[in-house]
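[1] Following is a predicted model, sequence given first.
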Protein chains: 2
Amino acid sequence: MKAAIMGYGVVGSGVGEILINNADIIEQKLGDKIEIKHVLDLRDFPGDALEDKLTKNFEDIVCDEEVTLVCEAMGGTKPAYDFTKRLLEAGKHVVTSNKELVATYGYELLQTAKAHNVNYLFEASVGGGVPILRPLWQCLAANHIERFYGILNGTTNFILTKMYNEDMPFDEALRLAQELGYAEKDPTADIAGADVCRKTCILASISFGTHIDPEQVQTQGIQDINIRDVSYAKANGYEIKLLGYCSKLAGGKIDAIVSPFFVPKGNQIATVSDVFNGIVVVGDMVDEVFFYGRGAGSLPTASACVADMIDCAMHTEKRKNFGWGARDAAFVENHKCCKSAYFVRGEGDINAVKAAMGDVSFLSLQGAPLNEVAFITPCACESELDEKLAAIADFRIASTIRVLV
Amino acid sequence: MKAAIMGYGVVGSGVGEILINNADIIEQKLGDKIEIKHVLDLRDFPGDALEDKLTKNFEDIVCDEEVTLVCEAMGGTKPAYDFTKRLLEAGKHVVTSNKELVATYGYELLQTAKAHNVNYLFEASVGGGVPILRPLWQCLAANHIERFYGILNGTTNFILTKMYNEDMPFDEALRLAQELGYAEKDPTADIAGADVCRKTCILASISFGTHIDPEQVQTQGIQDINIRDVSYAKANGYEIKLLGYCSKLAGGKIDAIVSPFFVPKGNQIATVSDVFNGIVVVGDMVDEVFFYGRGAGSLPTASACVADMIDCAMHTEKRKNFGWGARDAAFVENHKCCKSAYFVRGEGDINAVKAAMGDVSFLSLQGAPLNEVAFITPCACESELDEKLAAIADFRIASTIRVLV
């Protein structure tokens, strides 16, 4: 079977490497070879093993009837969206690691794939090498998904781990992540949560059967996490993690948010450190399951892309039944109306806090300033919390962070 | 689509419950209903929701042409083997939670399924509700599996957790497990490791493409673990876990063993406590991935069975390409020739140990008898270790336990 790779960067070159180096195991599984006929990239790669397959012209791929399978590893939506759509319309299977494209145009592209009886698969778009989308779709198929939450970005988890384990300030941890190649020169998409938001949308779309758009998900990154919040977490049995979080609400809508969370130790998610990813899924029949592994990197991510290519190659005649419904603007509840417990830190008088907030758990920290007050609230709506906090006499809020319960 | 359930015990009744209660989500995924036409059991279930489907006669199922899908949840090999074979030969898809049957006759039954162009799936046979077989086969398809190790039996993990966290002696922990319904009246299959052995065989067969028979896997249970070994583990940064362990050796053979292990804290497997299951798989491209969840119980296990039923129903026309090769007696290396580090505890003189063993790490334990010596060896063959240990002057061995490295 003849295939093409579009985008020969970190992931695309990994796909090439696996298809060449692990050709034996692939042929054993598939009963056929996957042969790379074209590699699309605007750059040159002199001396590369696939140098003679390189093309700068997309038409070489889309017009080649021999090519029935394409791995898109270009990233971004332009021109990836147009290219993917044309490939699917031309009756070619497409697999991708491109979370931005799937989170934004997943519904539409899956519809196109269905119309042309081909597969559009993207296991690598969430959790890198961690098997998550296929288990969620297939292995938990008999469950109503009640909620999921995950550490979906290795860069921010590396930074938080450094802040937590070594009391390293945010700026220094970010610089270190950049030096080690974990963070981009412009780290905004990671740090501000956009990357986690896209992955959360894909997980939510599969879990709840409705396309969730990044614009529907309230997203907050880690740039405002203070080292003092980290100290409170450490002193009181919590980790701090940036989570993509989604839960089914009683009325049928969902709570979907990207935000830092206080995570109690003992939760599996609390064990995920450094650049690793981890995702907890709760189904009504299976209860809690947890998936863990390398969420980024050339070969782990490419491992997931190639698995999708093998799956496509096994389903050339009959398309896999995979997809979700159209976007519903009302499906994601306003985050102000969603319930959570919160960690709150601020300056003021503890008695004023007691009077206004009622039943909260105060947290202690050795060496904290005398006028610093930190506590964890009971579960309540964000708007209700806002009102209560505003009613505390002379209280200056420094941080409010969701607590995973 | 019409289905049957064989065996209406813990798992079979869970399958019935899910097919009825979660019919909405199943129909949404499948675009069709799965309707239970027959339930095979020798017992009566007056008042049960499926009472009118009950039959004591297998022929009612195998001869019913309308039934195309059967869930076998009888357990054991007799009559499950004959029944399964006849169903597959009759062109019916079969799914099962029966690890004994799959570990013993998996190759043969998969061949029968292939010959008759139907599916034989058994996600529930390992890890209960934890998605593991499908991720291993499909999501890691581009990898050579290098090794896996897992906590595959909730009963023994519950007992070990009690021994570890509460210094409870083995007998008392077993009694508690029986009271709570986690252990059978005759707990031998769990305690002595036979259950873990079967699951290890299934994982190994999928991972390495060759049928691994329970007889090929050296199996040791937890009945000989002494509370003093547990104390040494606790005092020196280890957990004690019963693992199914398998690794690819340099010459192409595998090391496959079921045994208690000292597991260093920090390894994901060390976080699996109580009745939960967890499995680490290492692939050459993806590195380490970890799966965790409920490894037993009616609904979690049934959740996996029903997922397989849905998968079968989606692949009625084209059989899933799933299976492995015939047994190869030489494929599993003699465990005496496999390398591992070991924890050793015994009575003797520490200087005699130093003289005979060379480079070992001695472990300390507050309040240990003066003549007790405990240490961890470097990685070496079991036979080499045996020789060295035998050469220590006046040393009485109390325990040797593998260390996960």
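    Cool, the structure landed. The model shown is predicted, which means the values in this text are computed figures rather than measured ones. Numbers count the residues shown, from 1 in each chain, chains lettered A, B, ... in the order given.
[2] Flag every residue of the stretch 151-300 of chain A that's near chain B.
    Residues of the stretch 151-300 of chain A found near chain B (C-beta under 8 Å from any C-beta of the partner chain) are A:209, A:268, A:271, A:283-294, A:299-300. Yep, even glycine has a C-beta here, placed from its N, CA and C like the rest.
[3] neighbours of A:Thr104, just the number please.
    Applying other C-beta atoms under 10 Å in any protein chain shown, we find 19 residues neighbouring A:Thr104.
[4] The one 5 residues further on now?
    Using other C-beta under 10 Å, A:Leu109 has 23 other residues around it.
[5] show me what contacts it?
    By C-beta atoms under 8 Å, 6 or more residues apart in numbering or on different chains, the contact list for A:Leu109 reads A:81, A:84-85, A:88, A:94, A:101-102, A:120.
[6] Swap in 7 Å and give it another go.
    Shown in contact with A:Leu109 (C-beta atoms under 7 Å, 6 or more residues apart in numbering or on different chains): A:84-85, A:88, A:120.
[7] ditto for A:Ile397
    A:Ile397 neighbours (C-beta under 7 Å, 6+ apart): A:344, A:346, A:389.
[8] just A:Ser298 next, same as before
    A:10-11, A:13-14.
[9] Please repeat the previous calculation with a cut-off of 8 Å.
    Contacts for A:Ser298 (C-beta under 8 Å, 6+ apart) come out as A:10-11, A:13-14, A:17.
[10] other SSEs contacting the host helix or strand of A:Val196?
    Element membership for A:Val196 (DSSP states H and E) is helix A:194-208. The elements that helix A:194-208 packs onto, with contact taken as 3 or more C-beta pairs under 8 Å, 6 or more residues apart in numbering or on different chains; DSSP states H and E, are helix A:99-115, helix A:133-134, strand A:145-151, strand A:218-219, strand A:238-248, strand A:254-264.
[11] how about 6 Å then?
    Other elements packing on helix A:194-208 under the criterion 3 or more C-beta pairs under 6 Å, 6 or more residues apart in numbering or on different chains; DSSP states H and E are helix A:99-115, strand A:238-248, strand A:254-264.
[12] want to try CSV for these, with mean pLDDT as columns?
    Listed next are those as CSV, based on pLDDT from 0 to 100:
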stretch, mean pLDDT
helix A:99-115, 97
strand A:238-248, 98
strand A:254-264, 98
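[13] the helices in chain A, which residues?
    Listed in chain order, the helices of chain A (DSSP state H) span residues A:10-21, A:23-30, A:59-62, A:80-89, A:99-115, A:133-134, A:154-166, A:170-179, A:188-191, A:194-208, A:227-235, A:298-314, A:350-357, A:382-390.
[14] Tell me which residues of the last one come out buried.
    It refers to helix A:382-390. In terms of neighbour count (16 or more other C-beta atoms under 10 Å in any protein chain shown), helix A:382-390 has its buried residues at A:382, A:385, A:388-389.
[15] Then the fourth one?
    Buried residues in helix A:80-89, defined by neighbour count with 16+ other C-beta under 10 Å: A:80-81, A:83-88.
[16] now swap in the first one and tell me
    Judged by neighbour count using 16+ other C-beta under 10 Å, the buried positions of helix A:10-21 are A:10-19, A:21.
[17] picking that back up, which among the residues of the stretch 151-300 of chain A next to chain B count as buried?
    Those of these that meet the buried threshold are A:268, A:271, A:283-294, A:299-300, by 16+ other C-beta under 10 Å.
[18] Quick one: residues contacting the residue lying closest to A:Arg228 once chain neighbours are set aside.
    Once flanking residues are discounted, A:Arg228 sits nearest to A:Arg345: 6.8 Å by C-beta to C-beta, 6 or more residues apart in numbering or on different chains. A:Arg345 makes contact with A:374, A:398-399 under the criterion C-beta atoms under 6 Å, 6 or more residues apart in numbering or on different chains.
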